[in-house]
Structure formats: C-alpha cells, structure tokens
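[1] generate a structure from the sequence data that follows.
(2 chains)
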Amino acid sequence: MPAVSKGDGMRGLAVFISDIRNCKSKEAEIKRINKELANIRSKFKGDKALDGYSKKKYVCKLLFIFLLGHDIDFGHMEAVNLLSSNKYTEKQIGYLFISVLVNSNSELIRLINNAIKNDLASRNPTFMCLALHCIANVGSREMGEAFAADIPRILVAGDSMDSVKQSAALCLLRLYKASPDLVPMGEWTARVVHLLNDQHMGVVTAAVSLITCLCKKNPDDFKTCISLAVSRLSRIVSSASTDLQDYTYYFVPAPWLSVKLLRLLQCYPPPEDAAVKGRLVESLETVLNKAQEPPKSKKVQHSNAKNAILFETISLIIHYDSEPNLLVRACNQLGQFLQHRETNLRYLALESMCTLASSEFSHEAVKTHIDTVINALKTERDVSVRQRAADLLYAMCDRSNAKQIVSEMLRYLETADYAIREEIVLKVAILAEKYAVDYSWYVDTILNLIRIAGDYVSEEVWYRVLQIVTNRDDVQGYAAKTVFEALQAPACHENMVKVGGYILGEFGNLIAGDPRSSPPVQFSLLHSKFHLCSVATRALLLSTYIKFINLFPETKATIQGVLRAGSQLRNADVELQQRAVEYLTLSSVASTDVLATVLEEMPPFPERESSILAKLKRKKGPGAASALDDGRRDASSSDINGAVEPTPSTVSTPSPSADLLGLRAAPPPAAAPAPASAGNLLVDVFSDGPAAQPSLGPTPEEAFLSELEPPAPESPMALLADPAPAADPGPEDIGPPVPEADELLNKFVCKNNGVLFENQLLQIGVKSEFRQNLGRMYLFYGNKTSVQFQNFLPTVVHPGDLQTQLAVQTKRVAAQVDGGAQVQQVLNIECLRDFLTPPLLSVRFRYGGAPQSLTLKLPVTINKFFQPTEMAAQDFFQRWKQLSLPLQEAQKIFKANHPMDAEVTKAKLLGFGSALLDNVDPNPENFVGAGIIQTKALQVGCLLRLEPNAQAQMYRLTLRTSKESVSRHLCELLAQQF
Amino acid sequence: MQFMLLFSRQGKLRLQKWYVPLSDKEKKKITRELVQTVLARKPKMCSFLEWRDLKIVYKRYASLYFCCAIEDQDNELITLEIIHRYVELLDKYFGSVCELDIIFNFEKAYFILDEFLLGGEVQETSKKNVLKAIEQADLLQENRIRITARVSMGGLRKNLY
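    Down below sits the predicted model:
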C-alpha cells in the first residue's frame, strides 16, 4: 500500500482505495464496497450532523465506487449540500459528484440550479468557473432552460475574467448543441464574433469552437467571422516559433487554435473579398512551405502539431476545390507522407488523398501515386492502414487504371482481413462494372470474386452480374462458357452454382453446340452440385432444369425423372416441393409453344441504381460512395451503374466504350414481343421490395397472382369489355358442346394451364389463375393453318342460372386470325355463388369461306375457388363431426382409372385446391384435405378424405361440406380424377 | 470530442469523461468494446481507427491507455496532442505522474481535465494557465494528499520526453 503523506486530508478515502486495490477477488471487492456503503449510509442517516469535511469524504467515496462500475442510489442530497459550502474543495467535490452522477430528480435539479445560480452571481471567478463547468458537463435540457439566457451575458460582459469567458463560451456551446432552441440569438452574437480578436489566446481558442458551431447553423448571420478568422490565422502562421510564448507547443505556434480556425473557414466558400482571399491563400501557402522546412525539433509532438495544421489546411484546400495550384501542391505533400516512416502519417495521407482524388484538378496528380498505394495495400502491417489504401485505390480508379487496380484488389482479397472482405468485394464489383471496356473482363472478374471470396459475395453482387449478362447479348455466350468451365472445379462455391445455374438456364444453348458442353453434360454438371446446395440454390436449379426442358427437349426425360423423384416431390421444403410439382406438371402438360412462352429468356432488366452501389452506401454511410459517384466529373463516361441517361456525347460519337456503357441505347436482346401474359410471369428478382427471397423462378402462378386485381366495373378493363349479355348470342344460337367437352373439362379440374382443345384447324390453350372468388383466364387461339380465319368470334355463354352464379367478362379479340398466328383473349371471372355447370365457350369463324363453329365447356369449376386451409388434427375432427348431417356428406367408392401413385394423387389433390393435412388420418395411406370455397355471396367449408385400397385398386372418397349440392358436385368432380 | 477514456493494460477503467449524453448501460457497453479493441492492437500500429461512425485516437503512456473518440471531421493529429498535453499537465501537477496518482487522486485528474477541455473542446492550451487555475484552487485547500512511494511501475514520463 502506498504511503500517504502527512495530514489527514482525505485519509479515509486513500485507505478505502487501498483496501479495494488489495482485494484478491471480485467477491472480496464487492464485500468491501457493501461494507463501505453501509457505513456511509449510517453516517448520512445518523443523528449527528456531519461536518463539511466528512460529507466531502463520503461523497468522494461514493463517487469512487460509482466510477468502479457500481450503482449508487443515495448521497445526492449530501452532494447538493456541498455545493453551497463556503469551502472551495467541498464545493468542488459536490460539483464533481453532480457532474458525474446526474439525476433527473426534479426536486434535486431545482436545488442544484439554485446553487449554480448563486455561484454564477458570486462574481468570484473560481466559483463561477466551477458552476459553468458543471453546466457544461451535465448539459441537460433543464439546465439549458435555467441558464441558456444568462450565459451569453457572462460571455460578452466587459468585466468577465478571461477564464470565465472561456468556460462560458464552451458551456454555451454544449447547451446550444443539446437544445439550440433554448439559446436566444441576439445582440451578443455580434460581440461573440469579435472575440476572435481577443488579446487572450485562450479566449480565442474557446470562442472559435462556439462560433464554428453557430456558423454551421446560421452561416449568413456570422459571415463577418471570415475576415477576422483569416487575419487571426495569418498572424499565427507567420509568427516566429517563440512569439506566442506559452501558446507555442513544441515550436509550433498555437496549433489548436490554428486547426480550429481552419475548421471554421470550412463552413464557408472561399472569401469573396479579394484582399481577404489573398491573405488566406498566402497563409495556406505558408503552411505548405513550412512543411518543407527542416523540423525544429525531433520530437514527435513537434511534427504532429505541425502536420495537424497541414492536414487541416489541405482539408480547407479540398473544401474550396478551386485553386488548382494549391490542390496539386497538397497532393504532392501527401505523396511524400505516403512513404513516411510514421504509420500515423501514412494513414492520414491515404485518407486525405481519397478526398483529393475526387477533385478534377488533382485526380490526375493522385493517380501518379498508384504504385505506392498498391504497395501499401500489400505491405502495411496494420489493417486500418490497408483499409485506407483500398479506399484510396477505389477513389482513384478510372478507365485508365481500372484493370490494374481491380487485379491488385483481387490479389489482396486472397489474404485480406475478414473484417474488410465484404467491402473489398463490393468495391471490386462496382469498379469492374463501372469501368468495363469489354464485358468478358467483367464476367471474369466477378467469377474470380466468387472463387476467391465466395462467402463475402452478397446477393447484390451476383444478382448484378446476372442483370448485366441478361441485358448484354454480346457477353452471354462468353458468360455461359466461363461459368461452365468454372463449375468444373471439384469444389466450387455455392454462389458460383447460383450464377452458373442461372446463366446456363438462360444461355446454355449458346454453348450446347460443343460436344464437351452438350445439354446432357451441362445438366449433369449442374446436378452434380445439387445435393450439396442450400434450399435457395436448389430452388434456383429447379428453375434452371425446367428452362433446360425448353432449351433442350432431349433432356426432358432425364429432368422429369429428377423432378418426379420422391426427394423432390415430397421434399419437406414447400418451395422445393411446389417447384418440383409445378415444373413437372408444366413439362408434361404444356405444349412446346406454351413451354416456350412461359420459359422464354428473361427480358432485359430496367436500369436503375446499381444494387451494389446502394449497398456500399449503406455500409459506409452516405458520403462514402459518392466520392466515386459525384466526384468524377468525367463527362465522357456515362456509367451503367446509375440510371444515367446516355450523355449527348456518347450518342453522337459512339466510341467503343460509349457503346458498351450506353446500355439504354442498346437494342433489347429479345426483340420478339412476348405475349402480355408472359410479361406478367416474369418477376423482377432484383426489385427493391421487401421480397428478398432469393428464388429466381417464382412459379408462374405466384407471378400471375400479383397481377390479379378484382375486375372493378370502373377499371379500363371493364370499359373495354364486351357488354357481355348484349353481345352474347342466346343459347339457342350456339350448338351443343362437342362430344369430348366433358372429358376435356375433366382434364382441367386439377390444373389451370394447358391445351383445352385441338383439331386440325385450331388449337385453344388456357392459362388461368384464381384467388379467392376471383379468377383470370387467358385463352390462346392458335390458327394451325396457313389461311386466315375470318369473322373470328369467341364468346362465353352462361346457360341456365349460371348468369347469377358466375360473372365472366371478356375482351373482344381481332376478327381476323392470320395463318399460323395466335390471338389471346382475357377473361375476368367472378364467382358470385356456388354453381354446378361450367360456362360454355363458343367459337365461330369462317375458314376458307366455310363457317365453323365449336362449343366447349370453359374449364371453370367450383373447386377453382377453393382456398386451402391448414388445420391441426384436432380441429379437423371437430369440424368433421360438426358436418355430420346425412346430406352434408357425399361419398363415392370407385375403381382406379390410373395407376395408384401416392405422389400423383397428392399433386392432384393439391391441384384440386384443398390443403393436404398430414398426420390427421391414422392410416398414413389415406389423404385428408380441407379448404373453403369462396364465392361472393357465401363461403362453403369443405373437408375431404380419400382412402385408396391398393389391393382392390379402389378408392373411397368422402366429402363433407356445409352445402349438400356442393358436397355432391365436388365428389363427382374429384372422383373422375383418379 | 465525444468522450475520453483512460484505462490500464489490464483493462481497468481509470477515468471516463463523456461529452455526449448516453445512458450508463450504453457507456459501459462502449467502454467494454473499446478497451477490448484497443488492447488487441499491436504496439507499432497506427494510433487511429474507425469505430462505428467515430474515429478513435489513442496512445499508450507506460501502463495507461488514453483513448479519445472524435467525430468524422475532427483532426486526428491534434487530438493525439490533446492527449499528450493532458499527460503533460498531469505530470507537471503530480510531478512525474504514474497510474497510482490517477487512482488515488482521481478527483484531481477530473479537475485538471475540466480546466483543459470543456464540453469536448479545448478550452485552454497554455500549460501555465491551466496549472495556475488548479493551483489557485489548491491554495484554498487545506491539505493535499501525495503519493510518495511509487511502486515499480515507473512514471508515465517514460513516454513523455
């Protein structure tokens, strides 16, 4: 224990501190503290009035305990009492306690404020300073309310001592920062500005901080400070190293004040007054000149103080960005620091140069240091310095050095610290895109990124490469070839599989001619990765597979085999399961035409701000990426990063690079106008919306749904629609449905898309989607002949009561259908109440002069308005029992018409529209489902149970709904499906 | 400046000064995080680092780390010299200051800091003026406790001159 000097000053405190230090364990310390707290508490509560000294000692002990990290919940009142002591030291400890342990107890605040008020009025400068320090340390709104009006008066009063003025200035600053509304502007502000002229350097030093803050908020009101600051600065920088006596720090005159003045000037543009400006430029030059002089001391304090001023001077020069001469000198000076032996200077030089790089005057000068910076990236031992070097390389990058910088950053990435990898990846991706002269280099770079640092390649980055490849047909073949090669690595990153899967799915055909990358080879390469990948990637690959079926019909059988496998169709993940089921169905029911439409190549993405740039901005705060963004005033480069319109120069003089970058001017790769419906199917995976789900190929239905709106009567659609009843030919006008109509209808009970009808003249395809009681159906009429159909008139007819049960709005189609052409008709359907018979579709036209007519059943059955309902076993049985009236149940026992495959049955039941409930039926062979039929007028809850008997090749189907007719009808519809 | 922390090589906090309003919980969290970060750095590394949206400037004197958090536009080098000037003030006042002085006379360390920095800004840079203010106060004080025995830790002065 250290010996304590004579006198019993605060001996008890010293002893207590020693005790604490001697504690061997945390527990011992806590025990000692609790003992002390108990002691203090009893002293404070005791009958005997404590003298000032004891109070001070105990308050000080409490403070010490608090600073050790323990909670203190008493002693505040004793501390407040100390404030009004006449003894300075007691007062001082009281203030310290209050400053450290502010309590928003309003009663206490009132007492504290009272004590402060007394001290401020005491005219004793030492007491006044204590009070001002306390306000500045606490800085609360309550104190602002009490004193914000008084302090300006103290600050500018002629008789205030210098030390009081200093404290008052900074005290006011703290209050102004905390609650600017409380500080009244007024006559004092003009006088504050004149403190810049004060004799006392300490007063100026304190006042500049306050003035700078006021200037930031009200620049126009404080403009007069510019000339005062310039003259003060000029006097300091031109003074000899000893002129300022105690304000000289290691031979540097007033470094703190100089830095503050230079900061103040950065609140304004360059001075308008020529004389002031001349004087300022002269001062700035003096600072730059002094940097070249030999040091007056070897001490690091000397060089730090001197360079602090130098860096602040350079900041001001960069802020003005108007003096090319100074900018280039600043750059040269920083260049020297880049190789300085002081790590701190190298760090700051790299940081400062980053801002210089964005000035058009100094950008070229910064670029000359590229080798030094690259060297720093490779050799600096401190990661924070390397980070600065990477930032600077990013900032100095332009078309002339992009390849070098990107390759250096890629190389650095291999060994980079984990903490900064993601940022480096983003930067490389942005630079590679921004300065790509040929896009094969871009593709190579991104694939390298994935190879080197796959874990750090965020979705934004690999989404972006897909956007660019999709939008640029000149690179698609190359991209396909490169990803194919990259995927051959035995271990490749999952992001590579994603990019590879997507690109081959879109553009694999471009390399299919080469037997080494023939379709089966491509497929088996991708599929070899499948099982190692996450759900999201597998979902993407499933989309690739269905695209393959379209691109390469020869792979269809293999891929269908994969989709049909139990591991897909029965996958525990709903997304995978849904994709497998839907893709399998799509591939087996859709004609090649429909497949080709649905699985068409993605259209170009609309250009908007690059998602990676946005991410970098988020990461680094708003200012960071803008160095690259707005800093470069390179008129010849319109960039593809932002949603930038091609500048006139790129349009009129298409240089190779301008052509590359003028993305908007490029013709859309897939020029064939896709049918409108296909557009609806394509979902922009990169949309900014919250749907960040990485699924690439949303199922057609999902996309469809998002387009589905209830057909409101006032919508344009409705205005264009046929006034259906009037235009409808009466039922007597149309012939009976074709003989196979019922069979055709049955095909669509469990599916929504496919070919509805086909003969030698005409093919009718259907695509439909239903949500709640609404539906939208697209009918595609294909003329299979080479002769034009005339008077082509498809109409929808509602036989019987159907008119009141189902509303179908149709859009008229062109009366002529050219040979080989296809026309499309949109139907908006609303289910008003439950119905039994489907509407009829009548198609009439003239072919080669002969009238043709055809009537079909439109595949709209009541189950289309089924909404699946999930429920637990218990709920199911409860509801099942509730629906036990004989009429509510319909049952059918029938022979299987198709092979009894559980997976197919499941798919059919799902297609029928009900939810499939697992773990409800005690017999796992049985199927149980639930759902609600949604109509405008009513909802019908439905439960179903299907019991297959494999031995007998029979099924028993039981339907229970709240409506007799519905039960029967559903039972009939469904029974025909198995 | 947003705050200043003094802590030992063992991670014990010796002084904390906050110039922005923060909850006790937040203060403890920041302290824990920063002490860990700074102590993990190697001796020759640079004195500045980015931390959250602040810049950290730190320097080690003997067994004590002095660590300041400044805002984006603040000057790192001058902050380094703020630290140094504070150490000089402590050294002059205590006469070859060491960590123990700051432990046993923590209230003095706070008083000196308040004379030098107020509200996070430099108030008075003249060593003479700051010490004059403190000594005036001491004249009003009856007895001053001095630690005379210095355990073998050596003064902070080692790095000072």
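[2] secondary structure element for A:Ser543?
    A:Ser543 is part of helix A:535-551, with elements assigned from DSSP states H and E.
[3] in that helix, what counts as buried?
    For helix A:535-551, the neighbour count (16 or more other C-beta atoms under 10 Å in any protein chain shown) marks A:536-551 as buried. For glycine as for every other residue, the C-beta is placed from the backbone atoms N, C-alpha and C.
[4] number of nearby residues for the residue nearest to A:Tyr53 when sequence neighbours are not counted?
    In space, and not counting its chain neighbours, A:Tyr53 is closest to A:Glu90: 7.4 Å by C-beta to C-beta, 6 or more residues apart in numbering or on different chains. By other C-beta atoms under 10 Å in any protein chain shown, the residues close to A:Glu90 number 22.
[5] name the helices or strands packed onto the helix or strand harbouring A:Glu90?
    In the assignment (DSSP H and E), A:Glu90 maps to helix A:88-100. Judged by 3 or more C-beta pairs under 8 Å, 6 or more residues apart in numbering or on different chains; DSSP states H and E, helix A:88-100 is in contact with helix A:52-67, helix A:76-83, helix A:106-120, helix A:125-138, helix B:106-116, helix B:127-139.
[6] off-centre distance for it?
    49 Å (C-alpha atoms, centre = their mean, to the nearest Å).
[7] which residues touch that helix?
    Residues from elsewhere that reach helix A:88-100 (C-beta atoms under 8 Å, 6 or more residues apart in numbering or on different chains): A:52-53, A:55-56, A:59-60, A:62-63, A:66-67, A:75-76, A:79-85, A:112, A:115, A:119, A:126-127, A:130-131, A:133-134, A:137-138, B:107, B:110-111, B:137, B:140-142.
[8] now with 6 Å?
    Residues from elsewhere that reach helix A:88-100 (C-beta atoms under 6 Å, 6 or more residues apart in numbering or on different chains): A:52, A:56, A:59-60, A:63, A:79, A:82-83, A:85, A:112, A:130, A:134, A:137, B:107, B:110, B:140-141.
[9] how many degrees apart are that helix and helix B:106-116 in direction?
    Calculated by axes from the mean of the first three to the mean of the last three C-alpha atoms, to 10 degrees, helix A:88-100 forms an angle of 80 degrees with helix B:106-116.
[10] for chain B, which spans come out with low pLDDT?
    Low-confidence segments of chain B (pLDDT under 70): B:140-161.
[11] list buried residues within the contacts of helix A:88-100.
    Among these, the ones that count as buried by 16+ other C-beta under 10 Å are A:52, A:56, A:59-60, A:63, A:79, A:82-83, A:85, A:112, A:130, A:134, A:137, B:107, B:110.
[12] all helices for chain B, in order.
    B:24-39, B:76-94, B:99-104, B:106-116, B:127-139 (DSSP state H).
[13] put together JSON lines for the ones you listed, with distance to chain A on each row.
    Below are the helices of chain B laid out as JSON lines (distance: least, C-beta to the nearest C-beta, whole Å):
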{"stretch": "helix B:24-39", "distance to chain A": "7"}
{"stretch": "helix B:76-94", "distance to chain A": "4"}
{"stretch": "helix B:99-104", "distance to chain A": "6"}
{"stretch": "helix B:106-116", "distance to chain A": "5"}
{"stretch": "helix B:127-139", "distance to chain A": "5"}
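[14] mind putting the ones you listed in a markdown table, distance to A:Lys378 included?
    Shown next, in a markdown table, are these (distance: least, C-beta to C-beta, whole Å):
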| stretch | distance to A:Lys378 |
| --- | --- |
| helix B:24-39 | 25 |
| helix B:76-94 | 24 |
| helix B:99-104 | 39 |
| helix B:106-116 | 41 |
| helix B:127-139 | 43 |
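[15] residue contacts, residue 45?
    In the absence of a named chain, this looks at chain A. So A:Lys45 contacts nothing (C-beta under 6 Å, 6+ apart).
[16] that's the wrong chain, I wanted chain B
    Contacts of B:Met45 (C-beta under 6 Å, 6+ apart): A:Asp382.
[17] from A:Arg341, how far out is it?
    14 Å (C-beta to C-beta, to the nearest Å).
[18] quick one on the thing from earlier: starting at the chain centroid, how far to the helix holding A:Ser543?
    Taking mean C-alpha positions (C-alpha atoms, centre = their mean), helix A:535-551 and its chain are 26 Å apart.
[19] nearest spatial neighbour of the residue nearest the centre of chain A, chain-adjacent residues omitted?
    Computing the C-alpha centroid of chain A and ranking residues by C-alpha atoms, centre = their mean puts A:Lys615 first, at 6.4 Å. Residue nearest to A:Lys615 in three dimensions, not counting chain neighbours: A:Glu460, with 4.9 Å by C-beta to C-beta, 6+ apart.
[20] give me the number of residues near residue 38?
    Reading this off chain A. There are 10 residues near A:Ala38, going by other C-beta under 10 Å.
[21] think we crossed wires, I meant chain B
    Neighbours of B:Val38 under the rule other C-beta under 10 Å: 22.
[22] from chain A, how far off is the nearest residue to it once chain neighbours are set aside?
    In space, and not counting its chain neighbours, B:Val38 is closest to B:Tyr58: 5.2 Å by C-beta to C-beta, 6+ apart. For B:Tyr58, the distance to chain A equals 11 Å [C-beta to the nearest C-beta, to the nearest Å].
[23] tell me who's in contact with B:Tyr58.
    Shown in contact with B:Tyr58 (C-beta under 6 Å, 6+ apart): B:38, B:47, B:65, B:67.
[24] swap in B:Thr79?
    Counting by C-beta under 6 Å, 6+ apart, B:Thr79 has contacts B:57, B:68, B:70.
[25] wait, isn't the first one in contact with B:Phe66?
    No: with contact defined as C-beta atoms under 6 Å, B:Val57 does not reach B:Phe66; the gap is 8.9 Å.
[26] the two - which one has more neighbours?
    B:Val57 (27 against 23).
[27] out of the buried residues of helix A:535-551, just show me the ones up against chain B, please.
    Restricting those to those touching chain B (C-beta under 6 Å from any C-beta of the partner chain) yields no residues.
[28] among these, which one sits closest to chain B?
    Chain B has its nearest neighbour among the buried residues of helix A:535-551 in A:Ala536, at 31.6 Å by C-beta to the nearest C-beta.
[29] which residue, other than its chain neighbours, is closest to A:His70?
    Spatially, and ignoring its direct neighbours in sequence, A:His70 is nearest to A:Ile33 (6.1 Å; C-beta to C-beta, 6+ apart).
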